[in-house]
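**Student:** Show me how the following folds:
(4 chains, ligands or ions: 4)
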Amino acid sequence: MNQIIDISLLNSIIRMVTPILLAALGGALCARAGLFNVGLEGMILVGAFGAVLGNYLLGNLGLAVLFAVGCVLIFSLLYGYFTIHLKANVIVVGIAINFLAMGLTTFLLSAIFHVKGAYYNKDMEGLPLWNIPILSKIPVLGEVLSGYSPIVFSAFLLVIVLHLFLYRTVAGFRFSSVGQSLIVAQSTGIKVRRYQYAAVLTCGVLCGLAGAQLSLGQVTMFAEGMTSGRGFIALVAMMLGQANPLGIMGSSLLFGLMDALSVRMQGLWLPTPFTMMLPYAVTIAAMFFFKDKSYLHGGSSSSR
Amino acid sequence: NDTKGRESAADDTKQKRVALITPEKIGVNPFFQIMDEGAKQAASTYKLEQKTLESADPNAIEENLRVAVAENYDLIITSSFQSADALKKVAAENPDKKFVIIDDVVDLPNVRSAVFREQEAAYLLGAAAGLSTKSNTVGMVVAMDIPLMKKWTSGFEQGLKAVNPKASFLVNYVGSFTDPAKAKEMALVQYSKGADFVAGASAVGDLGVFEAAKEKGFFTSGQDIDRTAIDPKHIVMSQLKSANHVVIDSIKQWVEGSFTPGVHEYGLKEDGVGLTYVTDNNPFMTQAAIEKVSQIRSDIISGKITVVNPLK
Amino acid sequence: MTTVLETRQITKIYGDFTANDGIDFSLRKGEIHAIVGENGAGKTTLMRMLYGMESPTSGDIVRHGEVKRYQSPSDAIRNGVGMVFQHFMLIPSYTVAENIVIGNEPARGIWFDRRLAARRIKALCDTYQLHVDPEQKVSECSLGIRQRIEILKVLYNGADIIILDEPTAVLTPLEVKELLVTMKRLAKQGKSMILITHKLHEVMEVADRITVLRGGKVTGVLAASSTSTAEISRLMVGRELEGVTRQDHAAGEPVLRVRSLGVEGANGKALLKNITFDVCAGEIVGVAGVSGNGQSELVQVLNGLMKADQGRVLLGGTDVTNLSVRRIRAAGLAHIPEDRYLWGASKDASIKENAMMGHYRKEGYHRLGWLKHRKLNRLVSGWVESFAVKTTSIYEQAQHLSGGNLQKLISARELGQETECLIAAEPTRGVDLGAMELIHRQLLKKRERGEAVLVISSELSEIMTLSDRILVMFEGEIVGEIRGGSVTEEEIGLLMAGGERA
Amino acid sequence: MKNWKPLLHSMIQPIVAMLCGIAAGAIVISFTGESIMEAYQELWRGAFGSLYFISSTLTRATPIILCGLGIAFAFRTGLFNMGAEGQMVLGGLAAALTALYIPGSGWVKLAVALCAGFAAGGLWSVLAAWMDMKYKVNLLISTLLMNYIATLFAGYIVSGPFKDTSGSAGLSQTSMIVQGAWLPKLVDGMSVHAGFLLAAGLTICSVLLFRYTIIGYEVKMLGQNPSFALYGGINRLKLMLFSMLASGGLAGLAGGVEVLGMQYRFVDGALTMPGYAWTALMAALLANAHPAGTAVCSVLLAALQTGAAGMERNTNIPVELSTVIQAVLILFISVKFSYSFMRRRKVRGKYESNH
Ligand SMILES: Nc1ncnc2c1ncn2[C@@H]1O[C@H](COP(=O)(O)OP(=O)(O)OP(=O)(O)O)[C@@H](O)[C@H]1O
Ligand SMILES: Nc1ncnc2c1ncn2[C@@H]1O[C@H](COP(=O)(O)OP(=O)(O)OP(=O)(O)O)[C@@H](O)[C@H]1O
Ligand SMILES: [Mg+2]
Ligand SMILES: [Mg+2]
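**Tutor:** Numbering: from 1, shown residues only, chains lettered A, B, ... in the order given. Ligands and ions are numbered 1, 2, ... in the order given. Take a look at the predicted model:
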């Protein structure tokens, strides 16, 4: 109680934030392509299940992660086909994808593992924890930045990669154009659909990683509905970060920090429900300061 | 959904039929899982036809109850507070049918109510933890901050303070029944605050607590059913709540013709709740502690120790 | 001269409406070919097919003697066809350079080489003598510059055929002049151009040949050197135009009085400074000025869409300064807005819903909050008829109206308010000759009824024909007030550019 | 209004989509080895098979319709209200507490409680609208986040200060409301209650409102082009606040109706677990925010859910798969096999054969 912020808190934030961050980055790409993806929750769930299933079937962690990514790719392809080709309402498809993910993972859990609720095997291996050689030697920082799964490191690396991609490369530039104005992009001969599919599929890869981190990184098991609303938080982080990778990292970390603090504040003076409100309330408060709404607009208008 | 009861349906046309209606999908909840197992077991012992109906959401409970009545099941078992209101209506409308509710009370002449004294088992768990902790700090990761869970936290705290008044007790609420990742982080937080024992009371989240224990090498305990087999080095105890026992007991009484309405309590004495622990080479509890805990158990059964029900 | 592009019996049918009906059209190398026709004649539709945005229902597009099937604009672009749209296709938050190279970006590997882009654009500017600042944000550019960016974009993509759909509609006279010079220069450099415009003097000035469309059919292909505006307009409209005449009559009492109006901009710079003028009963006052010199702000303040920081506005004796739009309208002000898609209409709504805006709260059209639909229908149908708005039904969506027809509808709506004062901002932008005459005649009728009209237009000829008095705005101030008929276009032009009156 | 042709055209699309959905669902069912016909029969029977099942479908549809009308109202104004869930929870809570603690006869309690539900939901969503207008806090995010806050707050209220102290007292719920204040059942022994009539009535009111009234017209114009509305003299601020009040209010009313017509008390989680708000959101989107369409879609989606429950009771299709079948059907219902899509295929086909 005396120390609310310590190194284990920071460790915990980074771990907890990774799935949200990854999914939010995926959501951002979709938003930039004009698709407001509320199906993130379901996609993470499929990723989480795919990772555990892959691990069980293939017995190799690397392949398990790939398997998870593959599973989510099928889902995102479905999402893309319905929204891009069949022009179905993006939000309805997103919600339906969430239902579908919930139903399928639960069904397959009992069909494949013959268990209900959760699959846990104490011999199942989780993702390895890495220490970056030189970084881990630095006194305090080293402790903060060491001992995570490769996915955690790659998530933060991806923030930089995506930032460079969106703002420095030709493809990224076109991506942004599609998000800024579909009509302009189309009139200049950009293959809009191709970019939309690319966004949706990349989002699938990222959600696959997010799920794998959740089920093989943070814990080593699959539980029905284990995403517990992380997909929606990712959606909020995406919007708050204005579909900008660095912004998303900031908003995810803000949310993570508040979430971790709310855990530590339990039992101090406020009733628990109120401490649990903290991350949501602070996120709303944060919006008083971030007002540029360029991409949010895409979200709300594409839904009509 | 298929039952053993059906297989033998051919040879006995006047077979009695039992329906079990869970208030939510059985899915994540071991409490309902063992209830289902108990029903199936009793069905095969007493040659009954049995069907389990899972309710997708609270509104489906009443629906399922009515369907069970309409399909003329002879005994209808349901459970938990979510079902109480629905059962009150349905049971009052069908006075000829027999009903059982587990874990809540419905005061009607055709309803048998079975409730648990979870606080007694929690008391034992708290006492065991209090006797064994080296750091004098123990914790519990709880699913939700709702009154029901006070039976766990309060019972645990009573037992803990009784044997070790100086020990401090940490509690964290996950806010969900299905979030092992968050439960794990909470267990890690408690560990970082010095807890060497963290009890799991967060449904599926417990698996996350177990993992944290394995990773950091502290001790933990499970819920409802015996979880120690998963990892006896760290999961050293399990607080039992034998819904299967209660289901079997209810069916047995009914089959034997001694179905009695009213409230039936299941505590340590009735074997409805209990505590199990790793018996050989328990790394957390000393033999002395184990003996002390069994002493407390008999004291509770004999009434020498009374565990306060926090909800009364 | 060689023919670079040709259509053979091209037809486009929307639902049961034939927008283009068996059109034969040809474009020669180095030629400027004007396409004229009334609103809704099918000019844009034809261009959209040439540019691959629509596929023809039947007929062929022939390029260099080869039949082409464009699946998308990118096919057309690859074939050297470029188009500048009526509504600019630019991303305002991007720089000029980014907008030009989009779709065809200079790259080093996967990286977007913005510096190379800027250099290429500099070179392009020099070749065609069209100057822009590559680093500037498009949102900060004037309409004239945006137009130039669009042309550069087309040139950058290597087009040798450039389609310009009503490029001059939004430009100031000076900008128009520059554009026409540019076009001639490009034609000399071997580019072929298709120009769509409603202004026949522009056609006569630059075009080599003219194709006239009416009702989706070609009614004539003329050589500019051997025709007259009268002939063209006869082919367009199918009848002689009468021309508008203005009777002299004395103005009455002031209706709209504006006193030392001022508005601060976001950066502390004044958008409007000390504006004072009157508009009297039975008078049309014109406001001339290069767009972006405060005319839009003036109109918005008068209407209550923008708040004034100083000064007062009096309407028929009541002080309406900074009142809500509804109160100002109720006090007797109607307003034809300058941007019909932004302010003037809802594209998704029906013609009727668009037309009843501002009327439905009037006496007789509602009771206890319920609309009297039958009366409204009659009102709107009446306008559709008297203004000859081309539509199948008043329940049709407004987005299916061509620009000119929508403008007629908006004018009808605002003239129908029958207020003692009307503000008409760019009332005939993008409107064909017949419709322009119609609107002008209605504005003059209003004047003759003894009502006040304030006309804001970047089209000097329009101001000159209509106005009793002309106010010239420059950088948010009124820099000159002239009696109508007493000056030449050159003199006003000088004032508009910030010079003193000679 | 007079054009029946577009209406007919608009009917073809959902029917085609439904058929595709049924075909896709059949594929899923065939994986379970069950008879497809039987499964669909059970699905139908569970939704509409008898008066009893029709009644439970309509009961389930009741809060969805109300919530959906609310969401559609906001959409029409151009506001994306994602906070129906929170508004519904607060509405339900307010209705329960009012019915429990104000004095008066049953009818008075009922009426005041419904008003309280409306007010609570409405004010909660007006808060979001106000933050949007005054401080440009994006409505979509704020309403989404406010769901969590509302749900947690309601959970606190019923597990703390206003907890039910009768019975085993371990429950997060309020005490039971006196019977006089319940919404009466429409048919004895069936669950459908007067709340459904309220929902149907409000649907008709919404249709009339949007078609024939000044407010309906102004809301529509504001939603389609705010600048045009401003130019025409429509008071944007007032209308937006009104719209969000109505939107949240209807969601709150949905909560109140569910509490007073079904549960007779506020039970933590009973309004969120069935996912009414999400279903309602889908209904509103599928109907493109048209009120009558929203109501029809609500009943349809509710039928899909009750039908799935029936299917799961009476066939051996696993519980989990009924969710999958539902999702697949919804996916296809959402599809817009637009004419341009079909025509384009045709045009392309022609081109290819020409080559
Ligand atoms: N997508 C469409 N669906 C139905 N009708 C359309 C569509 N696009 C255009 N039209 C109709 O086709 C006709 C021709 O339109 P077009 O835009 O080509 O006219 P235009 O000659 O460019 O007119 P303007 O001078 O006003 O720009 C108009 O009557 C218009 O209403
Ligand atoms: N209803 C329609 N009728 C005719 N042409 C259409 C219609 N809808 C779209 N088009 C045009 O057909 C072209 C091809 O359409 P498509 O959607 O395949 O383009 P794209 O997304 O740019 O390309 P790609 O699918 O290859 O990435 C586009 O230029 C589009 O404008
Ligand atoms: Mg045109
Ligand atoms: Mg294509």
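**Student:** CA atoms for contacts and neighbours, from now on please.
**Tutor:** Noted.
**Student:** where does the chain have low pLDDT?
**Tutor:** Let's take chain A. By pLDDT under 70, the weakly predicted segments of chain A are A:1-5, A:291-304.
**Student:** could you do chain B instead?
**Tutor:** Using pLDDT under 70, the flagged stretches of chain B are B:1-14, B:28.
**Student:** what about C:Val487, which helix or strand?
**Tutor:** C:Val487 is part of no helix or strand, with elements assigned from DSSP states H and E.
**Student:** Could I get the phi/psi values of it?
**Tutor:** Dihedral angles phi and psi of C:Val487 (degrees, to the nearest 10) take the values phi -130, psi 170.
**Student:** Run a quick neighbour tally on it.
**Tutor:** Neighbour count of C:Val487, defined by other Cα atoms under 10 Å in any protein chain shown: 12.
**Student:** Would you check how far apart it and chain A are?
**Tutor:** Distance, C:Val487 to chain A, using Cα to the nearest Cα, to the nearest Å: 43 Å.
**Student:** and what of C:Ala270?
**Tutor:** Note on C:Ala270: its distance to chain A, by Cα to the nearest Cα, is 25 Å.
**Student:** Then D:Ala94?
**Tutor:** As judged by Cα to the nearest Cα, D:Ala94 and chain A stand 18 Å apart.
**Student:** For whichever residue of the stretch 101-250 of chain C sits closest to chain B, grab phi and psi.
**Tutor:** Nearest residue of the stretch 101-250 of chain C to chain B (Cα to the nearest Cα) works out as C:Ile110 at 38.9 Å. Phi and psi for C:Ile110, reported as degrees, to the nearest 10, are phi -90, psi -10.
**Student:** Then D:Met273?
**Tutor:** Dihedral angles (degrees, to the nearest 10) for D:Met273: phi -60, psi -40.
**Student:** For it, grab the count of nearby residues.
**Tutor:** Here the number of neighbours of D:Met273 (other Cα under 10 Å) works out to 13.
**Student:** so where's chain D shaky on pLDDT?
**Tutor:** In chain D, residues with pLDDT under 70: D:1-11, D:13, D:166-170, D:319, D:336-355.
**Student:** Could you find the closest non-adjacent residue to C:His359?
**Tutor:** Nearest residue to C:His359, sequence neighbours excluded (Cα to Cα, 6 or more residues apart in numbering or on different chains): C:Gln417, at 7.1 Å.
**Student:** That neighbour in helix, strand or coil?
**Tutor:** coil (DSSP: H, G, I helix; E, B strand; the rest coil).
**Student:** Residue of chain B closest to chain D, please.
**Tutor:** Residue nearest to chain D within chain B: B:Leu148 (3.9 Å; Cα to the nearest Cα).
**Student:** residues of the helix or strand harbouring C:Arg441 that come out buried?
**Tutor:** Secondary structure assignment for C:Arg441, by DSSP H and E: helix C:433-448. Neighbour counts over helix C:433-448 (16 or more other Cα atoms under 10 Å in any protein chain shown) mark C:433-444, C:446-448 as buried.
**Student:** At the contact with chain C, which residues of chain A appear?
**Tutor:** Within reach of chain C by Cα under 8 Å from any Cα of the partner chain, chain A has these residues: A:168-171, A:173-174, A:177, A:180-181, A:183-190.
**Student:** Recalculate using a threshold of 6 Å.
**Tutor:** With Cα under 6 Å from any Cα of the partner chain as the criterion, chain A comes near chain C at residues A:168-170, A:184, A:188-190.
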